[in-house]
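> Fold the stuff below for me.
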Amino acid sequence: MSAAEFFEKLPSRVVPGKTAGMNNSYVFAIDGAGTWTVRVADGAVTVDEGDTGGDCTISTSAEVFEKIIAGKQNPTAAYMSGKLKIKGDMGAAMKLQKLF
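Residues are numbered from 1 along each chain as shown. Sure thing, here's the model as predicted:
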């Protein structure tokens, strides 16, 4: 699955019970694929193309991102090895596990 397909389908795949009470926004800057802003507001997830601001920004390559969403790359290992970068609120970034 490509990054674009992932973000297009994300709102319909998230289980609202897992994200209830969560109010965060994330900018995903995927080199070679594009930029998306994901907003989570008490269980509801919306995705917009482009950077409309967020609590944190996650940056990586399309190759690494596609491995992560396919379950072939551990996101923590990608972060620790410098393949994935996070700027901003680390607490918000840790909550991302609820979305995937």
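> quick one: low-confidence ranges for the chain?
98, 100 (pLDDT under 70).
> Just want the most central residue of it.
Phe28 (5.7 Å; CA atoms, centre = their mean).
> So that residue belongs to a helix, correct?
No - per DSSP: H, G, I helix; E, B strand; the rest coil, Phe28 lies outside any helix segment and is strand.
> Quick check: Ala33 touching Ala4?
Yes - contact between Ala33 and Ala4 holds when scored by CB atoms under 8 Å: they sit 6.4 Å apart. In this view, the C-beta of every residue, glycine as well, is placed from N, C-alpha and C.
> Could you check which of these two has the larger neighbour count?
Remark: of Ala33 and Ala4, Ala33 carries more neighbours, 19 against 14, as counted by other CB atoms under 10 Å.
> can you pull the contacts of the more buried one?
If you count contacts by CB atoms under 8 Å, 6 or more residues apart in numbering, Ala33 has them with Ser2, Ala3, Ala4, Ala62, Phe65.
> Then Leu10?
Val38, Val45, Val47, Leu99.
> got a markdown table for those residues, with distance to Met80, neighbour count and secondary structure too?
Listed next are those as a markdown table, based on distance: CB to CB, whole Å; neighbours: other CB atoms under 10 Å; DSSP: H, G, I helix; E, B strand; the rest coil:
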| residue | distance to Met80 | neighbour count | secondary structure |
| --- | --- | --- | --- |
| Val38 | 23 | 21 | strand |
| Val45 | 27 | 17 | strand |
| Val47 | 27 | 16 | strand |
| Leu99 | 20 | 17 | coil |
